[in-house]
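# okay, sequence plus prediction incoming.
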Amino acid sequence: MAESSQTSTEQSSSSETGQQQVRIELDDTNVEALYANLCRVSSTPEEVILDLAVNPNPMATGSQKLKVTQRVILNHYTAKRLAALLTATVQRHEQAFGRLEVDVRKRLVSAETT
């Protein structure tokens, strides 16, 4: 059974009256986790759309038909905040563990070189 947790975040916003802190508590008790190794991003003037899928064979050649398992729709403001948070998270990971190679073919070590 998944462990339940509550996450608190604080957002600061400035207004004419000064700084204001907002505390948001997230309850992830009934969250459904998913795995995706493929993401397609598209947008409209109002929204950013993330389609997530699992590619069981990323080394396959030719045409593959994959099923989108989840779709996340964000406004552009939230998408920009998400992009900044993901960038910071990946940078911290790379500082701790080294550079991430996004090209699967470059990550493979051939049997001949081992």
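Sure, I can see it.
# and the next helix or strand past the helix or strand bottoming out on mean pLDDT in the chain?
The helix or strand of the chain with the poorest confidence is strand 6-15; it has a mean of 51 (mean pLDDT, DSSP states H and E). With elements assigned by DSSP states H and E, the helix or strand that comes after strand 6-15 is strand 18-27.
# name the helices or strands packed onto that next one?
Helices and strands touching strand 18-27, by 3 or more CB pairs under 8 Å, 6 or more residues apart in numbering; DSSP states H and E, are strand 6-15. Bear in mind the C-beta positions are built from the backbone N, C-alpha and C, glycine included.
# which helix or strand contains the residue nearest to the spatial centre of the chain?
The residue lying closest to the centre of the chain (CA atoms, centre = their mean) is Leu86, at 6.4 Å. Secondary structure assignment for Leu86, by DSSP H and E: helix 76-97.
# convert the C-alpha atoms of that helix to CSV, please.
Presented in CSV, the C-alpha positions along helix 76-97 are these (Å, rounded to 0.1, in the frame of the first residue of the first chain):
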residue,chain,number,x,y,z
HIS,A,76,0.8,28.9,-19.8
TYR,A,77,1.6,30.4,-16.4
THR,A,78,1.6,27.0,-14.7
ALA,A,79,3.5,25.5,-17.6
LYS,A,80,6.2,28.1,-17.1
ARG,A,81,6.5,27.5,-13.4
LEU,A,82,6.6,23.7,-14.1
ALA,A,83,9.4,24.2,-16.6
ALA,A,84,11.4,26.2,-14.1
LEU,A,85,10.9,23.6,-11.4
LEU,A,86,11.8,20.7,-13.7
THR,A,87,14.9,22.6,-14.9
ALA,A,88,16.1,23.1,-11.3
THR,A,89,15.4,19.5,-10.3
VAL,A,90,17.3,18.1,-13.3
GLN,A,91,20.2,20.5,-12.6
ARG,A,92,20.4,19.3,-8.9
HIS,A,93,20.3,15.7,-10.1
GLU,A,94,23.1,16.3,-12.6
GLN,A,95,25.3,18.0,-10.0
ALA,A,96,24.9,15.1,-7.7
PHE,A,97,25.1,12.2,-10.2
